[in-house]
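**Q** coordinates only, no sequence provided:
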């Protein structure tokens, strides 16, 4: 009778827990209590049922025959015969059958077109961002920036004015100590007052490159630990990334604010098959 | 009354014969056969809790200002999706507990599926005639992993937003069709506002419907073919030994459902999961650290972190770095898994139907291959937390990554070799005992003695179990070497 007593106890505990859950709910609820009481309520039912089955129900072992193979001899041949009989009557109308195949195919093609509506064509979209010649670099509060306002060794996330929060345009401004910056060939004059700008989207898997170590001038991506060397044009210096972060050509406008000289000169973000066909 | 209802139904459907067969159907009884059932009951809990969540979730990225019981975020600009999850968690009675049960159920669901897969693999239950169910099961696993991802991406929090970025980056890495595919799924370049709404309908309708349908077929096939069994006394290829469905097996199974739901409720009530208020709302230029996906995508995350910085150019076209670890590796993984029953039948020449299960030791090469593969994915899983490992051990993350890279190659070989030796030794030991045993069923008796409770390990709990297991393995290997 141990089983019966255990099952009875479990059902009683379960009932008490379920009723208590109702009380807790009415009194305003509390997540930990709710979970515990739900657990005890359900668990009591589980323990009670299993104890009942284990101790008070026939457990056998019972033996039942099984067919090692479910197929019966000769049946599949009969099926094949019936099918071929029917197929032969269709086969006699070969022209109709072909016409049917063509119209089904045509409908299949037409039915694919709604899928085309799901997204815009990639076209050249992956090659451009919202940066334009003369776009002011602004903070996510829309504030334009003068180079002198940036403390040396500081880093700031900016967007082009009018496109704050646009994914592919997020850019990091870094003010390097005077004289540390040696521009790569072709990038002379891109860093007014030693302020450089790089795309913030990791070229590995697209996370924002969120960490900067000023003592080694390295940018870190916290997702997969790619490292980029800012003094070397943000080329990869560790981790899985294989491509440098694109650099945004900077200038200063008439009012002394940082602006872009143009869009990025190469696609930002992670790689895709025709990235090099600019 | 019940009799009259049954007669009414039988009159119309003629279901009495089926019902009679069903009630007396015999199911083999072994704890390892419950893993699939646990997964199924997690799915039931997921449906029940998920329906509740849909009544409160707002699948929109429209901007709104949060105001509610969570003071630190009051007044911040968030999406409607994020705001609705916050309201559900803080302002709806029992909302938080049901949301957390839902998330825990997903975590346990996929864990139970993987454990079930391992049980099927290591007991060779996938052999003829069960190849179809293997393929269906594999599809269920992939759908479940995918639905887990779509689910935790819905709240539009900072952590899951980063996950979506990575998913988008993986999609565009596919040669030729990648950008098109990504643009069709995401509704354009990453950051287009459609994605949350699309994920929602995929998460609550498309994939669950597919899972429900395939699960139905999966169970119907088990029913039709009858469950496999271990070679317990009396068992044979041509019979099933166990408990009858009615009343014992059905009662136990319903009990198991309540047990699973109870464990998930405790977890949901007492163990915090996916606290989106701590991650904060998604913002384009922000990222949280450390950032890990749910466990079932950890191996993929690890592959992304451990794969070296290689990138290939073929005829001036780029094969991006992520393509190999995130598309090719899963492709090979799931491709091999799908094909496994057919590959193994071809390699072993064993095309015969099997209803009696093998034990892992009966097929040392098979078991060794399985363990080696598991250890490889375990290394990838730990590779996905390389930043945390580096923090715990105060090591540079670069050295941790290199350690995992080396382990990814060395450990599978080591584990495979050790498993093979152990399985061969266990098998030899069983034969040895069988030769000296007077029992009428020598192999079974010996097998029982080798693994049974006589070792006293049961008294010492889990530690004792593993301790005794390791000691036994060591003794066996030494004896085997001497012979």
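**A** Received the coordinates, thanks. Remember, predicted model here, so these are calculated numbers, not experimental data.
**Q** what's near enough to touch the closest residue to chain B within chain A?
**A** Going by Cβ to the nearest Cβ, chain B is nearest to residue A:35 of chain A, at 0.9 Å. Every C-beta, even on glycine, is put in place using the N, C-alpha and C of the backbone. Taking Cβ atoms under 8 Å, 6 or more residues apart in numbering or on different chains as the contact definition, residue A:35 lies against B:97, B:100, B:101, B:265, B:266, B:267, B:268, B:269, B:270.
**Q** go through the residues you listed and flag which are in strands.
**A** Among the contacts of residue A:35, DSSP state E puts none in strands.
**Q** nearest to residue B:350, of these?
**A** residue B:267 (41.7 Å; Cβ to Cβ).
**Q** pull out the buried positions in stretch B:71-85.
**A** Applying a neighbour-count criterion of 16 or more other Cβ atoms under 10 Å in any protein chain shown, the buried positions in stretch B:71-85 are B:73, B:78, B:79, B:80, B:81, B:82, B:83, B:84, B:85.
**Q** which helix or which strand is home to the second one?
**A** In other words, residue B:78. Element membership for residue B:78 (DSSP states H and E) is strand B:77-79.
**Q** give me the domain ranges for the chain.
**A** Assuming you mean chain A. A:2-116, A:126-274 (automatic domain parsing).
**Q** to clarify, I was referring to chain B.
**A** B:27-292+B:309-330, B:441-482.
**Q** span of stretch A:115-130 from start to end?
**A** 27 Å (Cα to Cα, to the nearest Å).
**Q** state the mean pLDDT of that stretch.
**A** Stretch A:115-130 carries an average pLDDT of 95.
**Q** same question, stretch B:175-195
**A** Stretch B:175-195 comes out at a mean pLDDT of 95.
**Q** list the buried residues in that stretch.
**A** B:178-180, B:182-191, B:195.
**Q** the helix or strand that residue B:200 is a member of: what's the following helix or strand?
**A** Element membership for residue B:200 (DSSP H and E) is helix B:195-201. Proceeding N to C from helix B:195-201, the next assigned helix or strand is helix B:207-225, under DSSP H and E.
**Q** and chain A, is that following helix touching that?
**A** Yes - applying Cβ under 8 Å from any Cβ of the partner chain, one finds helix B:207-225 touching chain A at B:224, B:225.
**Q** residues of the stretch 51-200 of chain A that sit close to chain B?
**A** A:52-54, A:57-70, A:115-116, A:118-122, A:125-126, A:140, A:157, A:159, A:165-168, A:170, A:200.
**Q** buried ones among these?
**A** For these, buried by 16+ other Cβ under 10 Å: A:52-54, A:57, A:59, A:61-62, A:66, A:119, A:122, A:126, A:157, A:159, A:166-168, A:170, A:200.
**Q** out of the domains of chain B, which one sits most buried?
**A** domain B:27-292+B:309-330 (a mean of 19; mean count of other Cβ atoms under 10 Å in any protein chain shown).
**Q** can you put the domains of chain B in TSV and add distance to residue A:247?
**A** Listed next are these as TSV, based on distance: least, Cβ to Cβ, whole Å:
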stretch	distance to residue A:247
domain B:27-292+B:309-330	17
domain B:441-482	55
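**Q** ok, the closest residue to chain A within the stretch 201-350 of chain B - contacts?
**A** Proximity of the stretch 201-350 of chain B to chain A (Cβ to the nearest Cβ) peaks at residue B:269, 0.9 Å away. Contacts for residue B:269 (Cβ under 8 Å, 6+ apart) come out as A:31, A:32, A:33, A:34, A:35, A:36, A:38, A:39, B:97, B:100, B:101.
**Q** and whichever strand or helix holds the third one, what's buried?
**A** Taking DSSP H and E as the definition, one finds residue A:33 inside helix A:31-56. Neighbour-count burial for helix A:31-56 flags A:31, A:33-54 (criterion: 16+ other Cβ under 10 Å).
**Q** off-centre distance for it?
**A** 38 Å (Cα atoms, centre = their mean, to the nearest Å).
**Q** what strands line up against the strand holding residue B:78, and which way round?
**A** The strands that strand B:77-79 pairs with in its sheet are strand B:63-65 (antiparallel) (by DSSP bridges).
**Q** what's in contact with the strand it pairs with?
**A** So strand B:63-65 is contacted by B:75, B:76, B:77, B:78, B:79, B:80, B:83 (Cβ under 8 Å, 6+ apart).
**Q** which residue ranges form the strands in the stretch 101-250 of chain B?
**A** B:239-244 (DSSP state E, counting those that start in this stretch).
**Q** where do the helices sit along it?
**A** Counting by DSSP state H, counting those that start in this stretch, the stretch 101-250 of chain B has helices at residues B:131-153, B:158-172, B:178-186, B:195-201, B:207-225, B:250-270.
**Q** average pLDDT across the first one?
**A** Model confidence over helix B:131-153, given as mean pLDDT, is 98.
**Q** next, the angle helix B:207-225 makes with it.
**A** 160 degrees (axes from the mean of the first three to the mean of the last three Cα atoms, to 10 degrees).
**Q** is helix B:131-153 positioned near chain A?
**A** No - Helix B:131-153 lies out of reach of chain A by Cβ under 8 Å from any Cβ, never closer than 11.9 Å.
**Q** just the element for residue A:271, please.
**A** Counting by DSSP H and E, residue A:271 is held by no secondary-structure element, helix or strand.
**Q** how close does it get to residue B:228?
**A** Applying Cβ to Cβ, to the nearest Å, the value for residue A:271 to residue B:228 is 47 Å.
**Q** hmm, stretch B:175-184 touching chain A?
**A** Yes - against chain A, stretch B:175-184 shows contacts by Cβ under 8 Å from any Cβ at B:175, B:176, B:178, B:179, B:180, B:182, B:183, B:184.
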